[in-house]
Each structure stands twice: as C-alpha cells, then as structure tokens.
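Visitor: My questions are about this predicted structure, shown below with the sequence.
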Amino acid sequence: MDFFNMLLNDPMVYIPMIGLFIVLGICGYYVYYFMKNISESEK
C-alpha cells in the first residue's frame, strides 16, 4: 500500500507519469494516422 500511496501523493512521481501518458498517447495517434494513410494509399 505504501507504493500506491507514494504514486498518488508524490509530485515527482505523478507529474512525469502524466507526461509519459501524453507522449504515449501522441505516439499511438501517429501510429493510427500513418496506418490509416498507408491503407488508403494502397486502394
């Protein structure tokens, strides 16, 4: 329980996690975008 308490209360932990999720979301969006455009260009 101490680990989860640290994750929720320590700003040095959850601020980088928020940034990491934003970066992963952007990467996921670009993977979707390029896959969509590649499949459209093959038609």
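Guide: Happy to help now that I have it. Residues are numbered from 1 along each chain as shown.

Visitor: Around residue 35, how many other residues sit close by?
Guide: Counted with other C-beta atoms under 10 Å, the neighbours of residue 35 add up to 10. C-betas here are computed from N, CA, C, even on glycine.

Visitor: Sticking with it, tell me its helix or strand.
Guide: helix 11-41 (DSSP states H and E).

Visitor: name the helices or strands packed onto that helix?
Guide: Using 3 or more C-beta pairs under 8 Å, 6 or more residues apart in numbering; DSSP states H and E, the elements in contact with helix 11-41 are helix 2-9.

Visitor: packing partners for the helix it packs on?
Guide: helix 11-41.

Visitor: what do you get if the cut-off is 6 Å, keeping everything else the same?
Guide: Helix 2-9 is packed against no helix or strand, with contacts defined by 3 or more C-beta pairs under 6 Å, 6 or more residues apart in numbering; DSSP states H and E.

Visitor: With only the CA atoms kept, save it in CSV.
Guide: The C-alpha atoms that make up helix 2-9 are tabulated as CSV, following Å, rounded to 0.1, in the frame of the first residue of the first chain:
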residue,chain,number,x,y,z
ASP,A,2,2.9,2.3,0.6
PHE,A,3,3.8,2.1,-3.1
PHE,A,4,0.4,3.3,-4.3
ASN,A,5,0.3,6.0,-1.6
MET,A,6,3.7,7.2,-2.9
LEU,A,7,2.3,7.2,-6.5
LEU,A,8,-0.7,9.3,-5.5
ASN,A,9,1.0,11.8,-3.2
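
Visitor: Quick check: mean pLDDT of it?
Guide: For helix 2-9, the mean per-residue pLDDT is 80.

Visitor: what angle do it and helix 11-41 make?
Guide: 80 degrees (axes from the mean of the first three to the mean of the last three C-alpha atoms, to 10 degrees).

Visitor: Can you list the buried residues in helix 2-9?
Guide: Neighbour-count burial for helix 2-9, counted by 16 or more other C-beta atoms under 10 Å, picks out no residue.
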